[in-house]
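1. please work out how this folds:
(chains A and B)
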Amino acid sequence: MTSTEGVEGGSIPPDADWSRLMMRAQDGDGRAYGSLMHAISPYLRHLARRTGLMPGDVEDAVQDVLLTIHTVRHTYDPARPFAPWLVAIARNRFIDRLRRLSRLARRETGLSEAHETVAAAETNHVERDSEARRLHAAIQELPPAQRQAIEMTRLQELSLKEASAKSGQSETAIKVSVHRAVKRLRRILGGDAS
Amino acid sequence: MSGTDELIQRLSGELQPVKRLAPPLWRAARLIIGATILIAVLVTIRGLREDFAKMSADPAYWVQLSSAWVMGATATLAALNISLPDRSRFWMLLPLPVACLWATGFVYGCLGDWVDVPFGAPIMHDSASCLLTITLTGVPLALALWMMLRRAKPLDAKGTAWMGGIAIAGFADTAHLLINMVEASLLILIINMTPATIIVLLLGMVGRRRLGAVGG
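-> Below is the predicted model:
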(Lines give C-alpha, C1' and ligand atoms only; values in the text may rest on other atoms or scores of the structure.)
Protein backbone atom coordinates (compact mmCIF):
# COMPACT_ATOMS: atom_id res chain seq x y z
CA MET A 1 0.00 0.00 0.00
CA THR A 2 1.41 3.34 -1.01
CA SER A 3 0.26 5.11 2.13
CA THR A 4 2.99 3.47 4.23
CA GLU A 5 5.79 4.88 2.09
CA GLY A 6 7.88 7.40 3.94
CA VAL A 7 6.38 6.45 7.27
CA GLU A 8 9.48 4.55 8.41
CA GLY A 9 11.38 7.78 8.14
CA GLY A 10 8.88 9.52 10.34
CA SER A 11 7.12 11.74 7.80
CA ILE A 12 3.52 12.86 8.32
CA PRO A 13 1.22 9.80 8.32
CA PRO A 14 -1.41 9.58 5.56
CA ASP A 15 -4.24 10.43 7.89
CA ALA A 16 -7.13 10.40 5.40
CA ASP A 17 -6.31 6.87 4.14
CA TRP A 18 -5.98 5.51 7.64
CA SER A 19 -9.17 7.24 8.74
CA ARG A 20 -11.11 5.65 5.86
CA LEU A 21 -9.65 2.22 6.61
CA MET A 22 -10.55 2.55 10.29
CA MET A 23 -14.09 3.62 9.43
CA ARG A 24 -14.49 0.47 7.31
CA ALA A 25 -12.91 -1.59 10.07
CA GLN A 26 -15.46 -0.28 12.55
CA ASP A 27 -18.13 -1.59 10.17
CA GLY A 28 -16.50 -5.04 10.31
CA ASP A 29 -14.31 -5.00 7.16
CA GLY A 30 -11.45 -7.35 8.13
CA ARG A 31 -9.40 -6.69 4.99
CA ALA A 32 -9.45 -2.93 5.56
CA TYR A 33 -8.49 -3.56 9.16
CA GLY A 34 -5.57 -5.79 8.14
CA SER A 35 -4.37 -3.14 5.64
CA LEU A 36 -4.60 -0.46 8.30
CA MET A 37 -2.65 -2.50 10.86
CA HIS A 38 0.07 -3.33 8.31
CA ALA A 39 0.19 0.34 7.26
CA ILE A 40 0.54 1.76 10.77
CA SER A 41 3.03 -0.83 12.07
CA PRO A 42 6.17 0.83 10.58
CA TYR A 43 5.01 4.20 11.91
CA LEU A 44 4.46 2.66 15.36
CA ARG A 45 7.96 1.12 15.28
CA HIS A 46 9.37 4.53 14.45
CA LEU A 47 7.41 6.12 17.30
CA ALA A 48 8.50 3.38 19.72
CA ARG A 49 12.17 4.00 18.94
CA ARG A 50 11.68 7.76 19.27
CA THR A 51 9.99 7.29 22.64
CA GLY A 52 13.14 5.60 23.88
CA LEU A 53 12.29 1.90 23.80
CA MET A 54 15.20 -0.46 23.25
CA PRO A 55 15.25 -2.32 19.90
CA GLY A 56 14.47 -5.59 21.69
CA ASP A 57 11.25 -4.13 23.14
CA VAL A 58 9.96 -2.39 20.01
CA GLU A 59 8.09 -5.33 18.46
CA ASP A 60 6.37 -6.26 21.73
CA ALA A 61 5.41 -2.60 22.22
CA VAL A 62 3.96 -2.36 18.70
CA GLN A 63 1.89 -5.50 19.29
CA ASP A 64 0.67 -4.02 22.58
CA VAL A 65 -0.50 -0.89 20.72
CA LEU A 66 -2.24 -2.97 18.03
CA LEU A 67 -4.10 -4.91 20.72
CA THR A 68 -5.11 -1.67 22.46
CA ILE A 69 -6.35 -0.22 19.18
CA HIS A 70 -8.39 -3.38 18.68
CA THR A 71 -9.94 -2.98 22.14
CA VAL A 72 -10.80 0.72 21.79
CA ARG A 73 -11.52 0.91 18.05
CA HIS A 74 -15.13 1.93 18.76
CA THR A 75 -13.85 5.17 20.36
CA TYR A 76 -12.49 6.52 17.08
CA ASP A 77 -14.69 9.25 15.63
CA PRO A 78 -14.35 9.27 11.80
CA ALA A 79 -15.19 12.98 11.81
CA ARG A 80 -11.86 13.63 13.53
CA PRO A 81 -8.30 13.02 12.26
CA PHE A 82 -6.93 9.53 12.82
CA ALA A 83 -3.29 10.35 13.61
CA PRO A 84 -3.84 12.12 16.97
CA TRP A 85 -6.01 9.19 18.11
CA LEU A 86 -3.36 6.69 17.07
CA VAL A 87 -0.44 8.68 18.51
CA ALA A 88 -2.22 9.22 21.84
CA ILE A 89 -2.79 5.47 22.23
CA ALA A 90 0.73 4.60 21.11
CA ARG A 91 2.41 7.12 23.41
CA ASN A 92 0.32 5.96 26.35
CA ARG A 93 1.27 2.32 25.81
CA PHE A 94 4.96 3.09 25.14
CA ILE A 95 5.29 5.29 28.23
CA ASP A 96 3.47 2.66 30.25
CA ARG A 97 5.97 0.07 29.05
CA LEU A 98 8.93 2.36 29.79
CA ARG A 99 7.61 2.94 33.32
CA ARG A 100 7.16 -0.79 33.83
CA LEU A 101 10.68 -1.51 32.57
CA SER A 102 12.08 1.26 34.75
CA ARG A 103 10.26 -0.12 37.82
CA LEU A 104 11.66 -3.57 37.08
CA ALA A 105 15.15 -2.14 36.68
CA ARG A 106 14.87 -0.39 40.07
CA ARG A 107 13.65 -3.50 41.87
CA GLU A 108 15.97 -6.04 40.30
CA THR A 109 19.77 -6.27 40.54
CA GLY A 110 21.91 -8.24 38.16
CA LEU A 111 23.49 -11.38 39.64
CA SER A 112 27.20 -11.28 40.29
CA GLU A 113 29.45 -14.35 40.46
CA ALA A 114 29.01 -14.45 44.23
CA HIS A 115 25.21 -14.83 43.83
CA GLU A 116 25.47 -18.01 41.74
CA THR A 117 23.83 -20.64 43.90
CA VAL A 118 22.10 -22.87 41.40
CA ALA A 119 22.46 -26.61 41.57
CA ALA A 120 24.90 -27.01 38.68
CA ALA A 121 28.31 -27.62 40.24
CA GLU A 122 30.18 -25.47 37.74
CA THR A 123 28.21 -22.36 38.75
CA ASN A 124 29.28 -22.71 42.39
CA HIS A 125 33.01 -22.85 41.94
CA VAL A 126 33.65 -19.96 44.32
CA GLU A 127 31.94 -21.67 47.23
CA ARG A 128 33.30 -25.04 46.22
CA ASP A 129 36.89 -23.70 46.15
CA SER A 130 36.40 -22.10 49.53
CA GLU A 131 35.11 -25.32 51.10
CA ALA A 132 37.91 -27.34 49.51
CA ARG A 133 40.46 -25.00 51.05
CA ARG A 134 38.86 -25.38 54.49
CA LEU A 135 38.81 -29.19 54.19
CA HIS A 136 42.41 -29.28 53.06
CA ALA A 137 43.47 -27.11 56.01
CA ALA A 138 41.49 -29.34 58.43
CA ILE A 139 43.18 -32.49 57.07
CA GLN A 140 46.58 -30.88 57.68
CA GLU A 141 45.64 -30.48 61.36
CA LEU A 142 45.11 -34.27 61.80
CA PRO A 143 47.77 -36.45 63.50
CA PRO A 144 50.09 -38.09 60.87
CA ALA A 145 48.53 -41.61 61.09
CA GLN A 146 44.95 -40.29 60.75
CA ARG A 147 45.97 -37.87 57.98
CA GLN A 148 47.64 -40.69 56.03
CA ALA A 149 44.62 -42.99 56.48
CA ILE A 150 42.10 -40.41 55.29
CA GLU A 151 44.24 -39.37 52.33
CA MET A 152 44.65 -42.95 51.16
CA THR A 153 41.04 -44.14 51.64
CA ARG A 154 39.08 -40.98 50.84
CA LEU A 155 41.23 -38.82 48.58
CA GLN A 156 43.20 -41.47 46.71
CA GLU A 157 40.21 -43.87 46.99
CA LEU A 158 42.38 -46.91 47.81
CA SER A 159 40.73 -50.00 49.31
CA LEU A 160 41.56 -50.98 52.90
CA LYS A 161 43.75 -53.81 51.59
CA GLU A 162 45.69 -51.51 49.24
CA ALA A 163 46.10 -48.85 51.96
CA SER A 164 47.30 -51.53 54.37
CA ALA A 165 49.87 -52.78 51.90
CA LYS A 166 51.05 -49.25 51.10
CA SER A 167 51.34 -48.01 54.70
CA GLY A 168 52.38 -51.23 56.41
CA GLN A 169 49.55 -50.88 58.97
CA SER A 170 46.84 -53.45 59.59
CA GLU A 171 43.44 -53.00 57.96
CA THR A 172 41.88 -52.67 61.43
CA ALA A 173 44.33 -49.90 62.39
CA ILE A 174 43.51 -47.99 59.18
CA LYS A 175 39.74 -48.40 59.85
CA VAL A 176 40.16 -46.98 63.36
CA SER A 177 42.32 -44.11 62.06
CA VAL A 178 39.74 -43.23 59.37
CA HIS A 179 36.92 -43.33 61.95
CA ARG A 180 38.82 -41.04 64.34
CA ALA A 181 39.89 -38.72 61.50
CA VAL A 182 36.30 -38.28 60.33
CA LYS A 183 35.16 -37.45 63.86
CA ARG A 184 37.96 -34.94 64.26
CA LEU A 185 37.31 -33.33 60.86
CA ARG A 186 33.64 -32.89 61.75
CA ARG A 187 34.63 -31.15 64.93
CA ILE A 188 37.13 -28.88 63.15
CA LEU A 189 34.67 -28.00 60.36
CA GLY A 190 31.85 -27.25 62.79
CA GLY A 191 29.70 -30.34 62.16
CA ASP A 192 28.27 -32.80 64.66
CA ALA A 193 31.15 -34.60 66.30
CA SER A 194 28.96 -37.38 67.65
CA MET B 1 5.70 -14.69 9.30
CA SER B 2 6.58 -12.40 12.23
CA GLY B 3 4.65 -12.25 15.52
CA THR B 4 3.18 -8.88 14.53
CA ASP B 5 1.97 -10.22 11.17
CA GLU B 6 0.37 -13.19 12.92
CA LEU B 7 -1.33 -10.87 15.39
CA ILE B 8 -2.68 -8.67 12.59
CA GLN B 9 -3.96 -11.74 10.75
CA ARG B 10 -5.69 -13.02 13.87
CA LEU B 11 -7.24 -9.64 14.79
CA SER B 12 -8.48 -8.90 11.27
CA GLY B 13 -9.74 -12.48 10.88
CA GLU B 14 -11.93 -12.30 13.98
CA LEU B 15 -13.03 -8.68 13.45
CA GLN B 16 -16.61 -7.82 14.41
CA PRO B 17 -18.43 -4.57 13.61
CA VAL B 18 -18.55 -2.14 16.53
CA LYS B 19 -20.98 0.59 17.50
CA ARG B 20 -19.16 3.92 17.49
CA LEU B 21 -19.33 5.99 20.63
CA ALA B 22 -21.48 9.09 20.31
CA PRO B 23 -19.61 12.42 20.71
CA PRO B 24 -18.87 13.20 24.37
CA LEU B 25 -20.93 16.41 24.28
CA TRP B 26 -24.02 14.45 23.27
CA ARG B 27 -23.44 11.74 25.90
CA ALA B 28 -22.73 14.37 28.57
CA ALA B 29 -25.96 16.18 27.65
CA ARG B 30 -27.92 12.95 28.15
CA LEU B 31 -26.40 12.38 31.59
CA ILE B 32 -26.81 16.02 32.67
CA ILE B 33 -30.48 16.00 31.60
CA GLY B 34 -30.96 12.66 33.39
CA ALA B 35 -29.35 14.03 36.56
CA THR B 36 -31.52 17.15 36.46
CA ILE B 37 -34.68 15.07 36.03
CA LEU B 38 -33.63 12.80 38.92
CA ILE B 39 -33.05 15.83 41.17
CA ALA B 40 -36.47 17.25 40.16
CA VAL B 41 -38.13 13.91 40.98
CA LEU B 42 -36.43 13.77 44.38
CA VAL B 43 -37.48 17.36 45.15
CA THR B 44 -41.06 16.50 44.16
CA ILE B 45 -41.13 13.42 46.38
CA ARG B 46 -39.28 14.77 49.40
CA GLY B 47 -40.20 18.44 49.08
CA LEU B 48 -38.12 21.59 49.01
CA ARG B 49 -36.26 22.53 52.17
CA GLU B 50 -38.41 24.29 54.76
CA ASP B 51 -36.49 27.55 54.56
CA PHE B 52 -36.41 27.65 50.74
CA ALA B 53 -38.43 30.89 50.57
CA LYS B 54 -35.97 32.60 52.90
CA MET B 55 -32.92 31.12 51.21
CA SER B 56 -34.08 31.99 47.72
CA ALA B 57 -33.83 35.66 48.65
CA ASP B 58 -30.12 35.19 49.35
CA PRO B 59 -27.91 35.52 46.23
CA ALA B 60 -25.18 33.47 47.94
CA TYR B 61 -27.56 30.50 48.07
CA TRP B 62 -28.17 30.70 44.32
CA VAL B 63 -24.47 31.00 43.65
CA GLN B 64 -23.84 27.91 45.74
CA LEU B 65 -26.72 25.96 44.20
CA SER B 66 -25.86 26.84 40.62
CA SER B 67 -22.13 26.28 41.16
CA ALA B 68 -22.86 22.76 42.48
CA TRP B 69 -24.95 21.94 39.38
CA VAL B 70 -22.46 23.53 36.96
CA MET B 71 -19.63 21.64 38.68
CA GLY B 72 -21.54 18.39 38.10
CA ALA B 73 -22.21 19.29 34.46
CA THR B 74 -18.67 20.44 33.60
CA ALA B 75 -17.06 17.50 35.40
CA THR B 76 -19.34 15.11 33.46
CA LEU B 77 -18.25 16.70 30.17
CA ALA B 78 -14.60 16.59 31.27
CA ALA B 79 -14.82 12.92 32.34
CA LEU B 80 -16.42 11.84 29.06
CA ASN B 81 -13.85 13.80 27.04
CA ILE B 82 -10.74 12.55 28.81
CA SER B 83 -12.04 9.00 28.63
CA LEU B 84 -11.25 9.18 24.88
CA PRO B 85 -7.65 8.75 23.72
CA ASP B 86 -7.37 11.77 21.43
CA ARG B 87 -8.91 14.44 23.66
CA SER B 88 -6.80 16.94 25.56
CA ARG B 89 -6.04 16.34 29.24
CA PHE B 90 -6.79 20.05 29.74
CA TRP B 91 -10.47 19.10 29.86
CA MET B 92 -9.74 18.25 33.48
CA LEU B 93 -9.37 21.96 34.20
CA LEU B 94 -12.92 22.73 33.02
CA PRO B 95 -14.69 22.14 36.37
CA LEU B 96 -11.89 23.77 38.37
CA PRO B 97 -13.10 27.45 38.46
CA VAL B 98 -16.65 26.52 39.37
CA ALA B 99 -15.42 23.95 41.92
CA CYS B 100 -13.43 26.72 43.59
CA LEU B 101 -16.53 28.93 43.61
CA TRP B 102 -18.60 26.09 45.11
CA ALA B 103 -16.01 25.40 47.82
CA THR B 104 -15.63 29.12 48.57
CA GLY B 105 -19.40 29.42 49.11
CA PHE B 106 -19.28 26.67 51.70
CA VAL B 107 -16.27 28.06 53.52
CA TYR B 108 -17.67 31.62 53.48
CA GLY B 109 -20.96 30.49 54.99
CA CYS B 110 -19.17 28.35 57.50
CA LEU B 111 -16.86 31.10 58.73
CA GLY B 112 -19.72 33.62 58.91
CA ASP B 113 -22.32 31.60 60.77
CA TRP B 114 -20.85 28.56 62.41
CA VAL B 115 -21.41 29.87 65.96
CA ASP B 116 -25.14 30.19 65.25
CA VAL B 117 -25.80 26.50 65.73
CA PRO B 118 -27.20 26.04 69.24
CA PHE B 119 -25.89 23.33 71.50
CA GLY B 120 -27.92 20.16 71.02
CA ALA B 121 -29.21 21.09 67.58
CA PRO B 122 -30.61 18.04 65.69
CA ILE B 123 -27.44 17.54 63.70
CA MET B 124 -27.71 13.77 63.47
CA HIS B 125 -31.26 13.90 62.13
CA ASP B 126 -30.24 16.46 59.52
CA SER B 127 -27.22 14.44 58.59
CA ALA B 128 -29.25 11.24 58.11
CA SER B 129 -31.58 13.18 55.80
CA CYS B 130 -28.58 14.61 53.92
CA LEU B 131 -27.10 11.15 53.57
CA LEU B 132 -30.38 9.81 52.15
CA THR B 133 -30.57 12.64 49.58
CA ILE B 134 -26.95 12.19 48.54
CA THR B 135 -27.34 8.41 48.28
CA LEU B 136 -30.56 8.62 46.23
CA THR B 137 -28.89 11.06 43.84
CA GLY B 138 -25.35 9.73 43.87
CA VAL B 139 -25.84 5.99 43.48
CA PRO B 140 -27.99 5.94 40.30
CA LEU B 141 -25.93 8.70 38.69
CA ALA B 142 -22.65 7.02 39.61
CA LEU B 143 -23.88 3.77 38.02
CA ALA B 144 -25.01 5.55 34.84
CA LEU B 145 -21.76 7.50 34.51
CA TRP B 146 -19.73 4.43 35.35
CA MET B 147 -21.34 2.49 32.52
CA MET B 148 -20.76 5.36 30.09
CA LEU B 149 -17.10 5.73 31.06
CA ARG B 150 -16.50 1.99 31.12
CA ARG B 151 -17.61 1.70 27.51
CA ALA B 152 -14.85 4.14 26.50
CA LYS B 153 -12.16 1.96 28.17
CA PRO B 154 -10.19 5.08 29.14
CA LEU B 155 -6.42 5.19 28.85
CA ASP B 156 -6.30 7.67 31.75
CA ALA B 157 -8.53 5.71 34.10
CA LYS B 158 -7.37 7.59 37.19
CA GLY B 159 -8.16 11.08 35.88
CA THR B 160 -11.44 9.89 34.36
CA ALA B 161 -12.55 8.34 37.66
CA TRP B 162 -11.68 11.48 39.62
CA MET B 163 -13.66 13.65 37.20
CA GLY B 164 -16.58 11.23 37.48
CA GLY B 165 -16.44 11.48 41.25
CA ILE B 166 -16.50 15.29 41.15
CA ALA B 167 -19.44 15.20 38.72
CA ILE B 168 -21.51 12.96 41.01
CA ALA B 169 -20.58 15.03 44.08
CA GLY B 170 -21.76 18.20 42.25
CA PHE B 171 -25.16 16.74 41.32
CA ALA B 172 -25.61 15.14 44.74
CA ASP B 173 -24.91 18.46 46.42
CA THR B 174 -27.41 20.22 44.14
CA ALA B 175 -30.13 17.87 45.38
CA HIS B 176 -28.88 18.26 48.93
CA LEU B 177 -29.00 22.08 48.78
CA LEU B 178 -32.58 21.99 47.43
CA ILE B 179 -33.97 19.42 49.86
CA ASN B 180 -32.05 19.67 53.13
CA MET B 181 -31.65 22.52 55.59
CA VAL B 182 -27.98 23.39 55.58
CA GLU B 183 -26.72 25.15 58.67
CA ALA B 184 -23.36 26.68 57.93
CA SER B 185 -21.49 25.34 60.88
CA LEU B 186 -18.10 23.78 60.54
CA LEU B 187 -19.42 20.57 62.08
CA ILE B 188 -22.37 20.35 59.69
CA LEU B 189 -20.10 21.26 56.81
CA ILE B 190 -17.88 18.32 57.69
CA ILE B 191 -20.80 15.94 58.18
CA ASN B 192 -22.50 17.01 54.97
CA MET B 193 -19.34 17.02 52.90
CA THR B 194 -18.34 13.54 54.05
CA PRO B 195 -20.66 11.58 51.72
CA ALA B 196 -19.59 13.71 48.73
CA THR B 197 -15.96 13.16 49.64
CA ILE B 198 -16.56 9.42 49.94
CA ILE B 199 -18.18 9.38 46.47
CA VAL B 200 -15.19 11.19 44.96
CA LEU B 201 -12.69 8.96 46.76
CA LEU B 202 -14.55 5.74 45.89
CA LEU B 203 -14.81 6.59 42.22
CA GLY B 204 -11.28 7.94 42.18
CA MET B 205 -9.57 5.07 43.96
CA VAL B 206 -11.74 2.03 43.24
CA GLY B 207 -13.10 3.30 39.96
CA ARG B 208 -9.80 3.48 38.18
CA ARG B 209 -9.34 -0.24 38.70
CA ARG B 210 -12.92 -1.08 37.71
CA LEU B 211 -13.36 1.12 34.67
CA GLY B 212 -12.16 -1.61 32.32
CA ALA B 213 -9.31 0.66 31.37
CA VAL B 214 -6.59 -0.50 29.03
CA GLY B 215 -4.13 1.94 30.53
CA GLY B 216 -2.67 2.12 33.95
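
2. need the longest helix for chain A.
-> Secondary structure assigned by DSSP state H gives helix A:82-107 as the longest helix of chain A.

3. ditto for chain B
-> In chain B, taking DSSP H as the definition, the longest helix is helix B:123-152.

4. mean confidence for that one?
-> Here helix B:123-152 scores 81 as its mean pLDDT.

5. quick one, the helix or strand following that helix and helix B:123-152 angle?
-> Downstream of helix B:123-152, the first helix or strand assigned by DSSP states H and E is helix B:157-179. Here helix B:157-179 points in a direction 140 degrees away from that of helix B:123-152 (axes from the mean of the first three to the mean of the last three Cα atoms, to 10 degrees).

6. helix B:157-179 and chain A in contact?
-> No - between helix B:157-179 and chain A, judged by Cβ under 8 Å from any Cβ of the partner chain, nothing touches; the nearest distance is 10.9 Å. To be clear about C-beta, it is placed using only N, CA and C from the backbone, and glycine gets the same treatment.

7. for that helix, what is the distance to the chain centroid?
-> 1 Å (Cα atoms, centre = their mean, to the nearest Å).

8. and if you look at stretch A:72-84?
-> Offset of stretch A:72-84 from its chain centre (Cα atoms, centre = their mean): 40 Å.

9. just stretch B:73-86 next, same as before
-> 12 Å.

10. now do it, average pLDDT.
-> Confidence for stretch B:73-86, expressed as mean pLDDT, is 94.

11. and stretch A:49-61, by the same measure?
-> Stretch A:49-61 comes out at a mean pLDDT of 90.

12. could you identify the helix or strand that succeeds the helix or strand of chain A with the lowest mean pLDDT?
-> Least confident helix or strand, chain A: helix A:125-140 with a mean of 76, by mean pLDDT, DSSP states H and E. Per DSSP H and E, the first helix or strand lying C-terminal to helix A:125-140 is helix A:144-150.

13. what packs against that next one?
-> Contacts defined by 3 or more Cβ pairs under 8 Å, 6 or more residues apart in numbering or on different chains; DSSP states H and E place helix A:144-150 against helix A:125-140, helix A:160-167, helix A:171-189.

14. what does that helix contact?
-> Residues outside helix A:144-150 that contact it (Cβ atoms under 8 Å, 6 or more residues apart in numbering or on different chains): A:139-140, A:142, A:163, A:167, A:169, A:173-174, A:177-178, A:180-182, A:184-185.

15. from residue B:84, how far off is the closest residue to residue B:85 other than its chain neighbours?
-> In space, and not counting its chain neighbours, residue B:85 is closest to residue A:88: 4.3 Å by Cβ to Cβ, 6 or more residues apart in numbering or on different chains. Taking Cβ to Cβ, to the nearest Å as the measure, residue A:88 falls 9 Å from residue B:84.

16. what is the strand or helix carrying residue B:64 packed up against?
-> Assigned by DSSP H and E, residue B:64 falls within helix B:59-82. Contact here means 3+ Cβ pairs under 8 Å, 6+ apart; on that basis helix B:59-82 packs against helix B:24-46, helix B:96-113, helix B:123-152, helix B:157-179.

17. hmm, back to that, nearest to residue B:70, out of the helices and strands packed on helix A:144-150?
-> Closest approach to residue B:70 among these (Cβ to Cβ): helix A:125-140, 70.7 Å.

18. thank you, goodbye.
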